[in-house]
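[1] Requesting a structural model of the entry that follows:
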Amino acid sequence: MEQHSHHDKWNSRLGVILAVAGSAVGLGNFLRFPGLAAQYGGAAFLVAYCVSLLLIGVPVSWAEWTVGRLGGRRGYHSSPGILHALTGHRWAKYLGAIGVLVPLSVCMYYVYIEAWCLGYAFNALSGGLAEAGAKDGYAAFFNSFTGATGDGDAFIFTTGGVGLFVLVVLAVNLFLIYRGISRGIEKVCRYGMPLLMLLAVVLVVRVLTLPPPDAAAHPERTISAALGFLWNPSNDTLARLANPQLWLAAGGQVFFSLTVGMGAIITYASYLRKTDDVALSSLTAVSTNEFCEVVLGAMLTVPAAFLFLGGDALAAGQGSFSLGFKVLPAVFQNLPAGAAFATAFFALLALAALTSSISLLQPVLAFLEEAFHLRRAPALTALAALMTAGTAWAWYFSKDLKALDTMDFWAGSVGVFVLGTIVITVFGWALGPVKGWRELRRGAEIRPPEIFRYIMRYATPLYLLTIFALFIAANVVGWNFRFGAAAAFAPTGYVTDLIGGTDPATGAAIPPNTAARATAGFLAALSVLIVGLIFASRRRWKRRRVWANAAEAAANAREERPATSALSAQLETPAPIALLAALPVLAAAQETGLTAGGWLTMLTAISAVTAFFVWCLTRVLRKK
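    Okay, the predicted model is just below:
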């Protein structure tokens, strides 16, 4: 049987690692993580973050790589096909529809944000950003540029509007996906990721060498104070750790930052060979993301903003969009050669967004090719039509960014949690503890610690469900995380936007938001469409099972690599994981001295994450 383009393959192991790392490294690394760390206290947040990384990040990443590779060996590259093949149940392919809905929905609005980054980079280079900021303020420029002032206001096709950049970004994404796994995704990530990290290092060095902008008026705003604000343990570190919202923020950041639950890693891993390592490759992608987030992101954004805003403004919480597109442009404006650094920063964000967005398109393209046995060109045409409609939706309903926010919450947050839970359940329970663990270790160049067999079967699903329950409690029913008479529930804007409500302060009725309701309807219609496509192709799924069995038999007959290297046989417990496990203990030290406590936490975090990254990367590069 002709296999068509959905049997594309990776050209190199480093290529797939950089592609997965590229899908993870995005705006959250440089904007969301630093803001959360500053808001919840660097040391306390770091404790919860490391625990979440060990209980959610690493296990779910290992599960997605393993499930994807096994599904690919059976001839499938999309979540519906892979779940159908691995569970043996006909209904599983409909459950896998969420693995198409989530990446498609997220990408529809993500390319819109990507266009902001590109547009800001262009305007910073041309001087338009500084001119607009000096005239009306950067907040006003952001609202005008993104169309937040009113529905349809973003349809402006000049360099001062987002329209041209949306078209450019959409075209670039579709072109790279058309080029395929090896010639498109792998190539852009192979060069894009090193360039991204180089830009980040240059910016970090520049920020850490900044003098106080106004030493006379604000002598407390120094780089040393900025780093202390971010990293210093406080006397209430243990009390902060009792806050459920801290754990919710840390767990959510780990989950979303690694792009687990998006369907991208499953699809990427499905193009691997049977004995291609997934254990070390997954850890290397995770470590790359953590290096960009903890070392580069934290040391770039918060110190720069602290110098010009002070600690009070940051501690109050700055949204990612506010921090990145309203605050930091003002910071760059006050720097020598600020236009150049602003251009580099927004180019960095645009590149990070690009490597993420193309990873979201591949699962959808793989589904269209697989379900209907389409060649790449007609499958891409269908994908382009869906993307154009969805991006235009988020683009048009731009008032207060309501459509974007609604899509991000229900698809990019709720949907991601659901898909991640499904994948870890398939690994730990559908495949079973023996088969799943054997698949993870097949061809592995490290031996994952035996304790993770039980973590992935019991602890990770339980922890994930707990975080998800806290997420729903906080963001849907509006629980204040108190009990008894002090408990209060006030449905959040995500609920009142859809069904209306009552203002708890004034008692006034809150009408539903038309754009939010319409967007929820759009997502529902998209869900029905995807399920309908799966139903329409159900006969082909049955025929593909015969071919899938043959594909797995052929894969089994290939020449296999040695199961483990001599080095890996000695590494039952990877040293960096042990180092990360010790990190929360060090970070929780109750140091009251500003310098001692801050240096302890900061150097421990940076050393641990850097060692983790270098350890993984050197072993990947050593194995040709």
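[2] now the protein, which segments are flagged as low pLDDT?
    1-7, 313, 315-318, 541-595, 623-624 (pLDDT under 70).
[3] Tell me which stretches of the stretch 51-200 of the chain form helices.
    58-73, 79-87, 92-95, 98-126, 128-136, 138-146, 163-180, 187-208 (DSSP state H, counting those that start in this stretch).
[4] closest one to residue 619 among those helices?
    Residue 619 lies closest, by CB to CB, to one member of the helices of the stretch 51-200 of the chain: helix 58-73, at 16.0 Å. All C-beta spots, glycine's among them, are computed from the backbone N, C-alpha and C.
[5] what's the angle between that closest one and helix 79-87?
    Counting by axes from the mean of the first three to the mean of the last three CA atoms, to 10 degrees, helix 58-73 lies at 90 degrees to helix 79-87.
[6] just checking, what packs against helix 58-73?
    helix 79-87, helix 264-269, helix 279-290, helix 416-425, helix 432-441, helix 451-454, helix 460-475, helix 538-557 (3 or more CB pairs under 8 Å, 6 or more residues apart in numbering; DSSP states H and E).
[7] go again using 7 Å as the cut-off
    helix 79-87, helix 264-269, helix 279-290, helix 416-425, helix 432-441, helix 538-557 (3 or more CB pairs under 7 Å, 6 or more residues apart in numbering; DSSP states H and E).
[8] of the helices of the stretch 51-200 of the chain, which approaches residue 409 most closely?
    Nearest of the helices of the stretch 51-200 of the chain (CB to CB): helix 98-126, 10.9 Å.
[9] before we move on, back to that, what would the helices of the stretch 51-200 of the chain look like in CSV with distance to residue 369 and mean neighbour count?
    Formatted as CSV, the helices of the stretch 51-200 of the chain follow (distance: least, CB to CB, whole Å; neighbours: other CB atoms under 10 Å):
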stretch, distance to residue 369, mean neighbour count
helix 58-73, 13, 27
helix 79-87, 10, 27
helix 92-95, 15, 20
helix 98-126, 12, 25
helix 128-136, 41, 17
helix 138-146, 34, 20
helix 163-180, 11, 19
helix 187-208, 20, 18
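[10] Mind checking these for the one nearest to residue 267?
    helix 58-73 (6.5 Å).
[11] how about JSON lines for the helices of the stretch 51-200 of the chain, with distance to residue 153 added?
    Formatted as JSON lines, those follow (distance: least, CB to CB, whole Å):
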{"stretch": "helix 58-73", "distance to residue 153": "39"}
{"stretch": "helix 79-87", "distance to residue 153": "36"}
{"stretch": "helix 92-95", "distance to residue 153": "39"}
{"stretch": "helix 98-126", "distance to residue 153": "14"}
{"stretch": "helix 128-136", "distance to residue 153": "15"}
{"stretch": "helix 138-146", "distance to residue 153": "8"}
{"stretch": "helix 163-180", "distance to residue 153": "11"}
{"stretch": "helix 187-208", "distance to residue 153": "31"}
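[12] between the ones you listed, which one is nearest to residue 301?
    Of these, nearest to residue 301 by CB to CB is helix 187-208, at 8.5 Å.
[13] The stretch 301-450 of the chain: helices as residue ranges?
    311-315, 320-322, 328-333, 338-372, 376-396, 402-409, 416-425, 432-441.
[14] what's the closest of the ones you listed to residue 529?
    helix 376-396 (8.5 Å).
[15] starting at the chain centroid, how far to the closest one?
    22 Å (CA atoms, centre = their mean, to the nearest Å).
[16] got it, and stretch 52-67?
    That offset, for stretch 52-67, works out to 14 Å (CA atoms, centre = their mean).
[17] Can you give the contact residues for it?
    The contact list for stretch 52-67 (CB atoms under 7 Å, 6 or more residues apart in numbering) reads 82, 86, 250-251, 254-255, 258, 260, 265-266, 269, 278-279, 281-282, 286, 420, 423-424, 426-427, 436, 439-440, 448, 452, 455-456, 459-460, 463-464, 580-581.
[18] Give the burial count for residue 489, as a bare number.
    Here the number of neighbours of residue 489 (other CB atoms under 10 Å) works out to 11.
[19] List the contacts of it.
    Contacts of residue 489 by CB under 7 Å, 6+ apart are 477, 478, 479.
[20] If we ignore the residues flanking it in sequence, what's nearest the first one?
    Excluding the flanking residues, the one nearest residue 477 by CB to CB, 6 or more residues apart in numbering is residue 489, at 5.3 Å.
[21] Okay, and the beta partners of the one you found?
    Counting by DSSP bridges, residue 489 forms beta bridges with residue 479.
[22] Report the separation between it and residue 504.
    Applying CB to CB, to the nearest Å, the value for residue 489 to residue 504 is 10 Å.
[23] Please apply the same query to residue 428.
    In terms of CB to CB, residue 428 sits 41 Å off from residue 504.
[24] quick one: which of these two has more around it?
    residue 428 (23 against 13).
[25] of the contacts of residue 489, buried ones?
    478, 479 (16 or more other CB atoms under 10 Å).
[26] want to try JSON lines for the contacts of residue 489, with distance to residue 296 as columns?
    JSON lines is the format used below for the contacts of residue 489 (distance: CB to CB, whole Å):
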{"residue": "477", "distance to residue 296": "36"}
{"residue": "478", "distance to residue 296": "35"}
{"residue": "479", "distance to residue 296": "35"}
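[27] and of the contacts of residue 489, the nearest to residue 151?
    residue 478 (26.7 Å).
[28] Verify the stated contact: residue 200 with residue 296.
    Yes. Assessed by CB atoms under 7 Å, residue 200 is found in contact with residue 296 at 4.2 Å.
[29] residues contacting residue 431?
    With CB under 7 Å, 6+ apart, residue 431 has these contacts: 86, 439.
[30] go again using 10 Å as the cut-off
    Residue 431 sits next to 63, 66, 67, 70, 86, 87, 425, 437, 438, 439, 440 when contact means CB atoms under 10 Å, 6 or more residues apart in numbering.
[31] re earlier: between residue 489 and residue 504, what contacts are shared?
    By CB under 10 Å, 6+ apart, the residues touching both residue 489 and residue 504 are residue 478.
[32] Can you tell me how far residue 472 is from residue 111?
    Residue 472 sits 28 Å away from residue 111, going by CB to CB.
[33] Any idea which residue is closest to the centre of this protein?
    Closest residue to the average C-alpha location of the chain: residue 257 at 3.4 Å, with CA atoms, centre = their mean.
[34] Apart from its neighbours in sequence, what residue is nearest it?
    residue 28 (4.9 Å).
[35] Can you report how many residues neighbour that neighbour?
    Count around residue 28 with other CB under 10 Å applied: 25.
[36] So for residue 381, which of the helices of the stretch 51-200 of the chain sits nearest?
    helix 163-180 (9.6 Å).
[37] list the contacts for residue 467?
    52, 55-56, 244, 247-252, 254-255, 417.
[38] wait, which of the residues you listed is closest to residue 484?
    Nearest to residue 484, judged by CB to CB, of the contacts of residue 467 is residue 244 at 15.7 Å.
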